[in-house]
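Trainee: coordinates only, sequence not included:
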C-alpha cells in the first residue's frame, strides 16, 4: 500500500529545503485537484508529499501602484481559481484572468485548485495558464539556494517545455505569478470550446487582449500544441496592418495565421483538423468582439 511521508512547511524556505533534501523524491501539493487523480491511478508515487497550505507568503493578490500605468500584479501560488474569479481587484484590472478562472472545472474544483498548481502542472489545456500567457506573465520560482526569488522572473512563455513538463528543477517550486497590468483602455476576452458547458477540458481555448491606444493585440492558445502557446506571428501581423488595413480583412488574416501556429493532435475530444478550424473561428470571434466595436467609427 502506498503511504508517502507528509511534510508541512510553514515558509517557502522550509519547503524548498525539503525539496532539495528529497533529491527528486518529493512532490509539492496544494489543491491536489490534478495530483490526487494521478496518485490514485498510480501514475505518480513520490516518497514525500509537501503540503504547501501553511505557507502564508504564497497567498494573496497584490497590485503595486504605478503613477504612469496600472501597476504590477502579483498573485501568490496558493490563490485558488475561485478566489481569482471573484476578486474585485482582478475583475477591475485583469478581467481576462477572472473570466478564464471562472471556466475551470466545477465550483468544488475552483475552490481547491490553485494558480500555482495550474502553472506547475503544465497542461496544454490549462485555462489560467492561457490567460496568463496573454498577459505576459512571469513565474517567481523559489529554491533553497535562491529563496528571495532572483530566478523568479521567468517568463511564462518558455516556462513550459511539454505536457506536464516545465523548466523547474527538482529543488524548485512556484511561489507566485506576476505581470504588468494592461493599459486601462485594454479590452480582453477568453473563449473556450468544450464538449459541454461545465467540467470540460478545453478542446481549444483562446485568450485575447487588445490595447487600442498602442494598436497591439496578444493572442494565446490552449489545447493546440504540447504547451499553451502565443500566436506571435498573428500578433505581429495585426500590429503591422491594423492602423491602416481593412478591419475585417485584417482580422481574417490574423485568425488564419493563428491557426497555423498550432500543432494540433487527434485525441478522444477532437481531431486535429477540427481544432485548427476552431482556432481560426474563435480567434476571429474574439478579435471582432474586441476590436470592431471599439474601432468601427474610425
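Mentor: On my side now, so go ahead. Computed from a predicted model, the values in this text were never measured in an experiment.
Trainee: Now do the helices in this protein.
Mentor: 12-22, 35-41, 81-86, 88-93, 95-102, 107-112, 115-121, 127-134, 232-241, 247-260, 272-287, 293-295 (DSSP state H).
Trainee: and the first one, what other elements does it pack with?
Mentor: When you say that, I think you mean helix 12-22. With contacts defined as 3 or more CB pairs under 8 Å, 6 or more residues apart in numbering; DSSP states H and E, helix 12-22 has these neighbours: strand 26-29, strand 48-51, strand 138-143, strand 172-180. Glycine gets a C-beta too; all of them are placed from N, C-alpha and C.
Trainee: Mind checking these for the one nearest to residue 7?
Mentor: Of all the helices and strands packed on helix 12-22, it is strand 48-51 that lies closest to residue 7, at 4.8 Å by CB to CB.
Trainee: what distance separates the closest one from the centre of its chain?
Mentor: 24 Å (CA atoms, centre = their mean, to the nearest Å).
Trainee: Can you name every helix or strand that it contacts?
Mentor: If you count contacts as 3+ CB pairs under 8 Å, 6+ apart, strand 48-51 packs onto strand 5-7, helix 12-22, strand 26-29.
Trainee: any idea how far residue 40 lies from residue 2?
Mentor: 10 Å (CB to CB, to the nearest Å).
Trainee: returning to what we had before: export the helices and strands packed on helix 12-22 to JSON lines and append columns for distance to residue 12, mean neighbour count and mean pLDDT.
Mentor: Converted to JSON lines, these look like this (distance: least, CB to CB, whole Å; neighbours: other CB atoms under 10 Å; pLDDT from 0 to 100):
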{"stretch": "strand 26-29", "distance to residue 12": "11", "mean neighbour count": "22", "mean pLDDT": "96"}
{"stretch": "strand 48-51", "distance to residue 12": "11", "mean neighbour count": "18", "mean pLDDT": "98"}
{"stretch": "strand 138-143", "distance to residue 12": "5", "mean neighbour count": "24", "mean pLDDT": "93"}
{"stretch": "strand 172-180", "distance to residue 12": "6", "mean neighbour count": "24", "mean pLDDT": "95"}
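Trainee: would you turn those strands into TSV with distance to residue 194?
Mentor: Compiled in TSV, the helices and strands packed on helix 12-22 are given as follows (distance: least, CB to CB, whole Å):
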stretch	distance to residue 194
strand 26-29	26
strand 48-51	31
strand 138-143	26
strand 172-180	24
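Trainee: Select, out of those strands, the one closest to residue 81.
Mentor: Nearest to residue 81, of the helices and strands packed on helix 12-22 and by CB to CB, is strand 172-180 at 12.5 Å.
Trainee: tilt between that closest one and helix 95-102?
Mentor: If you take axes from the mean of the first three to the mean of the last three CA atoms, to 10 degrees, strand 172-180 sits at 140 degrees to helix 95-102.
Trainee: okay, now residue 9: neighbour count?
Mentor: The burial count assigned to residue 9 is 19, neighbours taken as other CB atoms under 10 Å.
Trainee: For it, which non-adjacent residue is closest in space?
Mentor: residue 15 (4.0 Å; CB to CB, 6 or more residues apart in numbering).
Trainee: Spit out the contact partners of the one you found.
Mentor: Shown in contact with residue 15 (CB atoms under 8 Å, 6 or more residues apart in numbering): 7, 9, 28, 50, 52, 55, 142, 173.
Trainee: which residues does the closest residue to the last one other than its chain neighbours bridge with?
Mentor: Pointing back at residue 173 there. Nearest residue to residue 173 in three dimensions, chain neighbours excluded: residue 28, at 5.1 Å (CB to CB, 6+ apart). Bridge pairing for residue 28 (DSSP bridges) gives the partners residue 50.
Trainee: Residue 28 is in contact with residue 53, isn't it?
Mentor: No - Residue 28 is beyond contact range of residue 53, at 10.5 Å (criterion: CB atoms under 8 Å).
Trainee: what about the chain, any weak spots by pLDDT?
Mentor: For the chain, the stretches flagged by pLDDT under 70 are 67-70, 146-152, 198, 245, 293-298.
Trainee: tell me, what residue is most central in it?
Mentor: Taking CA atoms, centre = their mean, the centroid of the chain lies closest to residue 129, which sits 1.0 Å from it.
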